[in-house]
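1. sequence and predicted model, in that order:
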Amino acid sequence: MVWSWDVIRRIIEVLWLINIGFAIWTVFRSRRDIAATWAWLLVLSVFPYVGFILYMFVGRQLSHDDIFSIQKEQAAFRDSFLDKQHQLLNQHQLLPRSDRKPRARMLAELNLNNDDAILTFNNQVKVFTDGHAKFAQLIDDIDHAKHSIAIEYYTFYADHLGHRVLDALVRAAQRGVKVRVLYDASGSRGTKPAFFAPLTKLGGEAQAFISSSPKWYTSPRLNYHLHRKLVIIDHQLGYIGGFNIGDQYLGDSPKFGYWRDTHLRVIGQAALMMEVRFAMDWNTTCRRTHKQHLQLDKELAQFNVIRPDETQSDNVPMQIVSSGPDNDHYAIRRGYEGIIATARKYVYIQSPYLIPESSVLEALIIAAKSGVDVRIMVPCMPDHPFVYRMTEYYAKYLVHNGVKVYRYDNGFIHAKTIVSGTNIASVGSANQDYRSYKLNFEVNAFTYSPELSAKLKKIFEDDMMNCTPMTEEYFAQQSTWLKFKQQFSRLLSPIF
């Protein structure tokens, strides 16, 4: 049988119409913002077969059951203590209307109302910008743990550093310390469950987060992953920031060279709030793995909102703010917007990815055009080439609108920080991109300390010594092909 060109053409047209219909059904059956909806329609229509394969990895959302279960676990924990904390907050008037620092009060109230993020005081904070120093201190703290250790990382590689941390956890378990490890299977690709066997044999526990499978290929999803980085020891010492567990985070990667990140070590009330975040993630995952739930009733019963000790200059007021696809509060993104929108003198931002949503993009431009010194620092090299072209596009757009953008040249900068004014800063896991705003599970520390803000500002200014300004002349010298890749990548930014 020989088909004419008319028959072939009609078959192609019918298949194309079926593809369009299926694309529309696929995209609109899930709740998305307008930009992401149109971006997926573009991909699925222009690339009919490849597009659906890409959708399987990038576009699939968490099931409604998974999202419901996460919200249910969070609600159970909040019912157990947050009402009491709100009452104590009002009783002690920690955020009075007459606060002499209204900008900090406004941001703290935003985080409290948007994410139930309790404002804690009397936290002692140490900043780490180097992986060797950070992990040496972490392992030492693990070796001195007495009761419990909770670890939550996007990446826990089974490499040299991974074994060092695991060995410390094994030593803790041998002393009778209760150890729990939560990791993302996709972010820890190559790390098999058997890697944690020396720990689990001693009664420790390790499990992959709910949105991942221990075998990554059974859940081919590039979004909705656990991107948080938390360690909580004995309910009172916590770590939060950008470092993952892996040799590359020590600067031992021939590809990236020196690894520049930012992490906080916190002793104080905020550590327990980090543990509440860990417990919600752990218990939600337990619904599938049937592991023992983590209970913090005793610790939370002893928790008390107290006035800051103004005689201690190194005490840091802090809120632990989280966000993820389990709700539509976008707490960290709104926190970023609050910092930028209320800035009067400067906003300094460090992020490995610069793919801001329109609201953040406009806030940055409005601040710059209002005379605020807005500076953003990005890496000099890509860890994801396609994503890096998006970063270049938005960097060029922001530069054109008065924002100062700098390329960090001394290796790879992975820090996720923002500092503004005399006493406002944020350090955590959330980047300046769609993925961190909406698609992955993130956690940040929002702080209100003149001393800590001054330290983070100084770190940024020191990093500028290793930077190249990305001026309009810088972008004008780029090739036409590179500019095309930036423009094309930008079209798909809402889905990456």
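-> Sure, I can see it.

2. alpha carbons only for contacts and neighbour counts from here, please
-> Fine.

3. can you pull out the strands in the stretch 51-200 of the chain?
-> Secondary structure of the stretch 51-200 of the chain (DSSP state E, counting those that start in this stretch): strands at 124-128, 148-153, 178-183.

4. can you say which of those is nearest to residue 368?
-> Distance to residue 368, taken as Cα to Cα, is lowest for strand 124-128 among those, at 28.1 Å.

5. nearest to residue 430, of the strands of the stretch 51-200 of the chain?
-> That would be, of those and by Cα to Cα, strand 148-153, which comes in at 13.1 Å.

6. okay, the angle between the closest one and strand 178-183?
-> Counting by axes from the mean of the first three to the mean of the last three Cα atoms, to 10 degrees, strand 148-153 points 10 degrees away from the direction of strand 178-183.

7. and the closest residue to residue 442 other than its chain neighbours, helix, strand or coil?
-> Using Cα to Cα, 6 or more residues apart in numbering and skipping the chain neighbours, the partner closest in space to residue 442 is residue 228 (4.9 Å). Following DSSP: H, G, I helix; E, B strand; the rest coil, the label given to residue 228 is coil.

8. just for the chain, where's the confidence low?
-> Residues of the chain that meet the criterion pLDDT under 70 lie in 1-4, 7-9, 11-101, 211-223, 287-290, 301, 303-314, 492, 494-496.

9. care to break it down by domain?
-> Residue ranges of the domains in the chain are recorded as 5-59, 64-93+123-305, 323-495, according to automatic domain parsing.

10. now the ones you listed in a markdown table, with mean neighbour count?
-> Formatted as a markdown table, the domains of the chain follow (neighbours: other Cα atoms under 10 Å):
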| stretch | mean neighbour count |
| --- | --- |
| domain 5-59 | 15 |
| domain 64-93+123-305 | 19 |
| domain 323-495 | 20 |
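
11. as CSV, the ones you listed with distance to residue 114 would be great.
-> Shown next, in CSV, are those (distance: least, Cα to Cα, whole Å):
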stretch, distance to residue 114
domain 5-59, 20
domain 64-93+123-305, 13
domain 323-495, 6
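
12. those domains: which one's closest to residue 108?
-> That would be, of the domains of the chain and by Cα to Cα, domain 323-495, which comes in at 8.3 Å.

13. count of residues packed around the residue lying closest to residue 121 once chain neighbours are set aside?
-> Nearest residue to residue 121 in three dimensions, chain neighbours excluded: residue 317, at 4.4 Å (Cα to Cα, 6+ apart). Other residues lying near residue 317 total 22 when counted by other Cα atoms under 10 Å.

14. start the count at 24, not 1, going forward
-> Understood, numbering begins at 24; the last thing we discussed is residue 340.

15. quick one, what contacts residue 340?
-> By Cα atoms under 8 Å, 6 or more residues apart in numbering, the contact set of residue 340 is 142, 143, 144, 145, 146, 331, 470, 471, 472.

16. now do the residue nearest to residue 465 against residue 200, distance only.
-> Note on residue 251: its distance to residue 200, by Cα to Cα, to the nearest Å, is 23 Å.

17. contacts for whichever strand or helix holds residue 298, please.
-> Using DSSP states H and E, residue 298 falls within helix 292-312. Applying Cα under 8 Å, 6+ apart, the contact partners of helix 292-312 are 92-93, 96-97, 100, 141, 143-146, 173, 175, 205, 230-233, 253, 255, 258-262, 315-319, 322, 326, 341-343, 345.

18. just to revisit the earlier point, surely the residue nearest to residue 465 touches residue 459?
-> No - taking Cα atoms under 8 Å as the definition, residue 251 is not a contact partner of residue 459, at 10.2 Å.

19. what residues do these two have in common as contacts?
-> Shared contacts of residue 251 and residue 459 (Cα under 8 Å, 6+ apart): residue 465.

20. residue 509 is in what secondary structure piece?
-> Per DSSP H and E, residue 509 falls inside helix 503-514.

21. can you tell me what sits against that helix?
-> Contacts to helix 503-514, defined as Cα under 8 Å, 6+ apart, come from residues 62, 409, 410, 412, 413, 415, 416.

22. may I have the secondary structure class of the second one?
-> For residue 409, the secondary structure call by three-state DSSP comes out as helix.

23. list the contacts for it?
-> Under the criterion of Cα under 8 Å, 6+ apart, the neighbours of residue 409 are residue 512.

24. could you report the distance from it to residue 188?
-> 32 Å.
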